[in-house]
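*Asks:* take a look and give me a structure for this.
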Amino acid sequence: MCPAGGAIPVAVPVWSVDPRTGKQREQVATEATAAEVDAAVRAAHATRAALADRDTRIALLRAAADQLEADGEAIIAAADAETALGTARLTGELGRTTGQLRAFADEVADGGYLDVIIDHADGSLTPPRPDLRRYKIPLGVAAVYSASNFPLAFSVPGGDTASALAAGCPVVVKAHPDHPATSELAGAALRRAAAQVGLPEDVITVLHGFEAGVELIKHPLVSAAGFTGSIRGGRALFDAAAARPTPIPFYGELGSLNPVVVTEAAAGERAGEIGGGLAGSMTMGVGQFCTKPGLVFAPAGGAGDELLAALTKKVGEAAPGVLLDGRMREAFLAGVRERAALDGVETPVAAGPGEANTVAAGFLTVDADRLAAEGAHDLLLEECFGPVTVIVRYADADQVTAVLSRLPGNLTATLHLGEAEGAGEGGQGGRLLAELTPIAGRILVNGWPTGVAVTAAQHHGGPYPATTSTSTSVGATAIERWLRPVTYQSAPPALLPPELRDDNPLGLPRRVDGHREH
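*Replies:* Next up is the predicted model:
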């Protein structure tokens, strides 16, 4: 099959690249053509019926975790070679990845995600109520766009893939170019898991190439998409998803500043602890976490100076690190230079280039009044991916409020309070918590945002541009993105799906005539 005009597509090789040297390591695959994207989506679409069985999906998710663990040594070695994230970090990430696969298996087994509601017919009501039965069904083929900074947990075998498969949606993954070999190994493990439990391997397919990603979002059989990456790339795909003849949901995680507010009381009680904690959080993973604290409000003078002294010491001690690829390194260095050149911006520790393709961590400071109104300093309100943060020095609470009111949406917002400020609903603590809540999806008190627990109560999302929806990409409720509700009215009992029958053969939690059943 040839594209329009009859031209024969030329195979474009996909190379694994060592970020420590910038040199190509090995050819891993070739970029998918439009015809190959079409074939992959159609093959995935054909597996929907096989994936519909709940017990089979549970077995798939658990087998996927087992297969990833069995290949763990090779996967971690490939990921380290392609990302320079280190074996310790990647070993933990593999554990998180297999843990969330098993957690989604448990979620499917529980069945609560189906949100089963049954209202029996009642002619005594005004108006009379017909028999109504509601639950959720899978949307169809899910397109997943892998992240650069998490080659496992937010990539081929990551949370988007796990939650989509759990919902009953086949997945076609567009691998990230920074870790193609890792993606191939992970994809092979997932396909083996599918075969092991009797499913077609095409319930999960991995594709490579920029154009393949564009073709994927446009394919008429793709029903939803998940993305983790830049604002620019995510917004382009989001717009493409909305511009289709039949628009589809696009669940994108795009960018976040993750503001931190340190009150004067908190700085007075533990300036050194907060400074050291901030240094550890902002340099974790060479500053390449989506939850890195990128904008920190600290009091001017006094205890605020003590905090900055502790931060200066700890950041200055941080070892230079390798970013995920050369393009990100250049963008980081250019971003730091542009921000440091702004009027009134100081650099107590200058972030910049290190030896052998590394970068050194640093931070900038600026007075709050420079950010209170629109102007050139708005650049400081944009994420700079890498080990740098901006310290906003404030004189009073009104300045904090003025700057917070200008912030875009965020994944997280953090508040460091003094001991007395955490007691009761009123006062400084309650006021600041109320100001932070509208701009972020997760609000932390006296902690640091790096590190996202995979639990039922987790929410990893936030107002735009943090995400393009109100959903989470981490935790049990991430499954909801790939489902839609449907109600049957007055359907004959013999025609109802098992989930909606009165005898509840699957033993699902449900609400019947207004009462919860467990």
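*Asks:* show me where pLDDT drops low in this structure?
*Replies:* 1-9, 424-426 (pLDDT under 70).
*Asks:* which stretches in it count as helices?
*Replies:* 34-45, 48-51, 54-70, 72-83, 87-110, 159-167, 180-196, 210-218, 231-243, 264-283, 303-317, 326-340, 397-404, 427-436 (DSSP state H).
*Asks:* what does the third one contact?
*Replies:* By that I understand helix 54-70. 50-51, 75, 94, 97-99, 101-102, 104-105, 108-109, 111, 152, 157, 162, 165-166, 168, 186, 189-190, 192-194, 196-199, 203, 506 (C-beta atoms under 8 Å, 6 or more residues apart in numbering). Quick note: C-beta positions are derived from backbone N, CA and C, even for glycine.
*Asks:* selection in ChimeraX covering whichever of those are buried, please.
*Replies:* To isolate the buried ones among the contacts of helix 54-70 in ChimeraX, judged by 16 or more other C-beta atoms under 10 Å, type:
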select :50,51,75,94,97,98,101,102,104,105,108,111,152,157,162,165,166,168,186,189,190,192,193,194,197,199,203,506
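*Asks:* about what we covered before: single out the most deeply packed of the helices of the chain.
*Replies:* Most buried of the helices of the chain, by mean neighbour count (mean count of other C-beta atoms under 10 Å): helix 159-167, with a mean of 31.
*Asks:* now render the helices of the chain as a markdown table, adding distance to Glu480.
*Replies:* Formatted as a markdown table, the helices of the chain follow (distance: least, C-beta to C-beta, whole Å):
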| stretch | distance to Glu480 |
| --- | --- |
| helix 34-45 | 21 |
| helix 48-51 | 18 |
| helix 54-70 | 16 |
| helix 72-83 | 29 |
| helix 87-110 | 10 |
| helix 159-167 | 8 |
| helix 180-196 | 22 |
| helix 210-218 | 21 |
| helix 231-243 | 18 |
| helix 264-283 | 29 |
| helix 303-317 | 39 |
| helix 326-340 | 32 |
| helix 397-404 | 29 |
| helix 427-436 | 25 |
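*Asks:* so which of those is nearest Pro485?
*Replies:* Checking the helices of the chain against Pro485 by C-beta to C-beta gives helix 159-167 as the closest, at 12.7 Å.
*Asks:* could I get the closest one in PDB with only the CA atoms?
*Replies:* The C-alpha atoms that make up helix 159-167 are tabulated as PDB, following Å, rounded to 0.1, in the frame of the first residue of the first chain:
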ATOM      1  CA  GLY A 159       0.100   4.100  33.500                       C
ATOM      2  CA  ASP A 160      -1.700   5.100  30.300                       C
ATOM      3  CA  THR A 161      -1.200   1.700  28.800                       C
ATOM      4  CA  ALA A 162      -2.100  -0.200  32.000                       C
ATOM      5  CA  SER A 163      -5.300   1.800  32.600                       C
ATOM      6  CA  ALA A 164      -6.400   1.500  29.000                       C
ATOM      7  CA  LEU A 165      -5.900  -2.200  28.900                       C
ATOM      8  CA  ALA A 166      -7.700  -2.500  32.300                       C
ATOM      9  CA  ALA A 167     -10.600  -0.700  30.800                       C
END
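*Asks:* show me what Tyr488 is bridged to.
*Replies:* Arg133 (DSSP bridges).
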